[in-house]
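Participant: Build me a model:
(chains A and B)
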Amino acid sequence: MQRESMEFDVLIVGGGPAGLAAAIRLKQLANEKGTELSVCLIEKAAEIGAHILSGAVMDPRALNELIPDWKEQGAPVTTAVTEDRVIFLNETGGRKVPNGLLPDCFLNHGNYIVRLGNVAKWLGEQAEALGVEVYPGFAGAEILYDETGAVKGVATGDMGVTREGEQGPAYQPGMELHAKYTLFAEGCRGHLGKQLEAKFNLRDGVDPQTYGIGLKELWEVPAERHEPGVVVHTTGWPLPSDTYGGGFVYHLEDNLVAIGYVVGLNYTNPHLSPFEEFQRYKTHPEIRKYLEGGKRLAYGARAIAAGGLQSQPKLVFPGGALIGDDAGFLNAARIKGSHAAIKSGALAAEAAFEAVTAERQRDKLAAFPEAFKSSWLYEELHKTRNFKPYMKKGLWMGSLLFGFDQKVLKGKAPWTLHNSSDHDKLKPAAECPKIDYPKPDGVLTFDRLSSVFLSNTNHEEDQPCHLQLKDASVPIAVNLAKYDAPEQRYCPAGVYEIVRDESGQNARLQINAQNCVHCKTCDIKDPTQNINWVVPQGGEGPIYQGM
Amino acid sequence: MKILVPVKRVVDYNVKVRVKADGTGVDIANVKMSMNPFDEIAVEEAVRLKEAGIATEVVAVSCGVAAFQETIRAAMAIGADRGILVETDVELQPLAVAKLLKALCDKEQPTVVICGKQAIDDDSNQTGQMLAALMGWPQATFASKMALGDAGGQMRATVTREIDGGLETLEIKLPAVVTTDLRLNEPRYATLPNIMKAKKKPLETVKPADLGVDVAPRLATLKVAEPPKRSAGVRVADVAQLVDKLKNEAKVI
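Facilitator: So this is what the prediction gives:
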């Protein structure tokens, strides 16, 4: 069956803050100039916002620029930050850092606590109202190139392909979407972004990207435990000080509390389980005091790109650009990236609009990286660029060095430190201490499966597995033998399971792909990079409701 | 032949619903909504009848708030030709919907109405039956197979129904109401080109008052509560103990 195709001026792959900001900015410019401009946005989630998972404290700076009257337009950005609490936890207690000692990047006055999925949904409505064609439920499955090798768009995935790769009775071919420029906004570790980086050598001369996995739950708590506007960040327990990570508790509106935990994916002990670290994190007296008597409403997880400027790939290539976390715009030191995503999308949109207006197509949008370089966003990211490398030196030394860098040098240190890749950091299991995680109590702490249940995730079972193994023997011969199959633990959704026969022999890796919450951690952390995450059928995966 | 297909917008079947803290209902703020799965089967069946050259037009109709337009567009993406939304903010109960559908049937004069047997939100399983009664039409509910044909100048539907312990096949005169069960068909995936085309199909909006229907609710919801939590089970030592417990504690045997 032949794929249908359609032409647009600009195609955007991914409906998060970056992609939607780009779409909105493009149509704003076209409407201002009175020119016709066709903009199409596809999103793999069943609806806009359903794959968005973030803390989130949002700096409104980029939103102020994009939609100055966002308040009047009813943006779900209503809970202003009232107080920052940064706490170093030990096993039984914690020490709050006096706010006077905190670098500016840790202070959130003027920022908002948001449910980023709801913000994305609202941005989607704004985009549609401006005339953007928004199509959730369709994943960009394949990059299309023209005869000169420039990106000419993407194809959405086929539907109704069986597990064996045959065309089933419900088979429907994907569709080709062609454009003068294609902006990739898939978020952290986009599976197309990864291919673009390789094809156009976008990572030449930059540091490897470094990542974290963020796990999050949404709780409804008793009114007396709820302090709307309070932002709590913690570091220290339960992670050892040589492992980068920390937790957050954000008090939203309506007695809702977002609680989450981030673990740097450069951790070395293969026995570590980010999911279980998060679960036991909630039992700390400084944390459980906010949750007791409450009810867990939602759960999810997502990898984040934390490398900052040093790890940013080249942003443009013939026919398109990487925006948002597809290009690693997140500011790890500020623990936020949605403002950076919005800004990067808007800047790319301006470059693309100018190019389309000049009747150019499928060349490099050089104006985008130039505009970024002279923007406040570059200045901000440059100032905190050494955060992640400092933190490699351990929690105490890292905090001290970063504090000095920010408070004394004001981020203007004459050195730029470097990042290195995450996947090759694991030590053999035999050389590392086992970690004895407590059993879940079903009240404050939970197991993986009851958690995944709350992500509303769903995949058609009869389709090719979207977690591909380059070499099927590696999970047992390398991962299990050397690292005790770490994918069983770093996957926050119980996708990877080592199963054995009744005699306890013949171990094999079972991949429960239908549990996948699209966090991309396996694609990042697998020690030999043997796991390749590709998109399943469009419209599948988690259905987060304002995460 | 015209087929009318009523479609309802409900909380997506993958989403775990949550009862509002005040017990007045289920929280649907920011919750993903989709077409009721049984209605999707109804649309698919109607579109297949059109593709087979039996039906000439498929009209998708819905009753509810403005956002129900999305559900009608979804029906159009499967293949419905046009849509009608009866727009109202009032909470609609099955009888009110049946009356609205009657008014639309009077206006549109369809030969068959195919609707889902029930909606997965309130599970009422009433609207199709009430509509048939109001129209004075035959009805065939829980269809797992249906065929339309002409017998001696009279259009008829042959409908296989799933009943306890087997299947029942009915033949009814048209016009009629058929409600769909799960095994009638497997709805197709709405493709991107079809979703794009659906955006351009005609969608008319009317108000209940335009149809002369009073939609005021007649039932009051007293309280909505989550099912009680299942208490922990016990492990029994042997069959004898199990039988003993069933007999003396649970008193079920």
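Participant: List the contacts of residue 94.
Facilitator: In the absence of a named chain, chain A is used. Counting by C-beta atoms under 8 Å, 6 or more residues apart in numbering or on different chains, A:G94 touches A:87-88, A:234, A:236, A:284, A:286. Glycine gets a C-beta too; all of them are placed from N, C-alpha and C.
Participant: meant chain B actually
Facilitator: Contacts for B:P94 (C-beta under 8 Å, 6+ apart) come out as B:122, B:124, B:126-127, B:130.
Participant: any chance of those residues in CSV, with neighbour count and pLDDT too?
Facilitator: Listed next are the contacts of B:P94 as CSV, based on neighbours: other C-beta atoms under 10 Å in any protein chain shown; pLDDT from 0 to 100:
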residue, neighbour count, pLDDT
B:D122, 15, 92
B:S124, 14, 95
B:Q126, 16, 97
B:T127, 28, 98
B:M130, 20, 98
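Participant: re earlier: among the contacts of A:G94, which ones are in strands?
Facilitator: Among the contacts of A:G94, the residues falling in strands (DSSP state E) are A:87-88, A:234, A:236.
Participant: Quickly list the domain ranges of chain A.
Facilitator: The record assigns chain A these domain ranges, following automatic domain parsing: A:7-68+A:117-165+A:172-206+A:313-384, A:449-533.
Participant: Tell me, how many residues neighbour the residue nearest to A:V257 when sequence neighbours are not counted?
Facilitator: Sequence neighbours aside, A:W219 is the residue nearest to A:V257 in space, at 4.7 Å (criterion: C-beta to C-beta, 6 or more residues apart in numbering or on different chains). As a burial measure, A:W219 scores 22 neighbours (other C-beta atoms under 10 Å in any protein chain shown).
Participant: Which residue, other than its chain neighbours, is closest to residue 245?
Facilitator: By default, I'm working from chain A. Per C-beta to C-beta, 6+ apart, closest to A:G245 is A:V263, 4.1 Å.
Participant: Hmm, no, I was thinking of chain B.
Facilitator: Counting by C-beta to C-beta, 6+ apart, the residue nearest B:K245 is B:V236, at 6.5 Å.
Participant: and if you look at A:N269?
Facilitator: A:C432 (4.2 Å).
Participant: which ones are touching the one you found?
Facilitator: Counting by C-beta under 8 Å, 6+ apart, A:C432 makes contact with A:268-271.
Participant: Looking at these, which two lie furthest apart in space?
Facilitator: Pairwise distances across those peak at 10.2 Å for A:T268 and A:H271 (criterion: C-beta to C-beta).
Participant: More neighbours: which of the two?
Facilitator: A:H271 (16 against 13).
Participant: which residues sit against stretch B:223-236?
Facilitator: Residues from elsewhere that reach stretch B:223-236 (C-beta under 8 Å, 6+ apart): B:18-20, B:23-26, B:242, B:245.
Participant: Show me which of these is closest to chain A.
Facilitator: Set against chain A, the nearest of those by C-beta to the nearest C-beta is B:R18 (6.4 Å).
Participant: Settle this for me: the closest one is touching B:V26, isn't it.
Facilitator: Yes. Counting by C-beta atoms under 8 Å, B:R18 does reach B:V26; the two are 6.9 Å apart.
Participant: which parts of the stretch 201-350 of chain A sit against chain B?
Facilitator: With C-beta under 8 Å from any C-beta of the partner chain as the criterion, the stretch 201-350 of chain A meets chain B at residues A:220, A:297.
Participant: Which residues of chain B lie near chain A?
Facilitator: Residues of chain B found near chain A (C-beta under 8 Å from any C-beta) are B:12, B:14-16, B:18, B:21, B:30-32, B:34, B:186, B:188-193, B:195-196.
Participant: Among those, which are located in helices?
Facilitator: Counting by DSSP state H, the residues of chain B next to chain A place B:192-193, B:195-196 in helices.
Participant: can you give me the offset of stretch A:37-45 from its chain's centre?
Facilitator: Centroid separation for stretch A:37-45 versus its chain: 19 Å, with C-alpha atoms, centre = their mean, to the nearest Å.
Participant: Can you give me the neighbour number for residue 226?
Facilitator: Since you didn't name a chain, this refers to chain A. A:H226, neighbours per other C-beta under 10 Å, totals 19.
Participant: that answer is for a different chain, and I need it for chain B
Facilitator: Neighbours of B:E226 (other C-beta under 10 Å): 10.
Participant: A:K216: what secondary structure?
Facilitator: At A:K216 the chain is in strand, as set by DSSP: H, G, I helix; E, B strand; the rest coil.
Participant: what is the mean pLDDT for the helix or strand hosting B:K99?
Facilitator: Per DSSP states H and E: B:K99 is located in helix B:94-108. Across helix B:94-108, the average pLDDT comes to 98.
Participant: What of stretch A:141-152?
Facilitator: On average, stretch A:141-152 scores 98.
Participant: Quick one: distance of it to the chain centre.
Facilitator: Centre-to-centre, stretch A:141-152 and its host chain are 25 Å apart (C-alpha atoms, centre = their mean).
Participant: Alpha carbons of it, in CSV - could you do that?
Facilitator: Output in CSV follows, covering the C-alpha atoms of stretch A:141-152 (Å, rounded to 0.1, in the frame of the first residue of the first chain):
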residue,chain,number,x,y,z
ALA,A,141,8.6,6.9,13.1
GLU,A,142,11.0,7.6,10.3
ILE,A,143,13.0,10.5,9.0
LEU,A,144,12.6,11.2,5.3
TYR,A,145,15.5,12.7,3.3
ASP,A,146,15.4,14.3,-0.1
GLU,A,147,17.8,13.5,-3.0
THR,A,148,20.4,16.0,-1.6
GLY,A,149,20.4,14.3,1.8
ALA,A,150,18.5,17.1,3.5
VAL,A,151,15.7,16.3,5.9
LYS,A,152,12.4,16.6,4.0
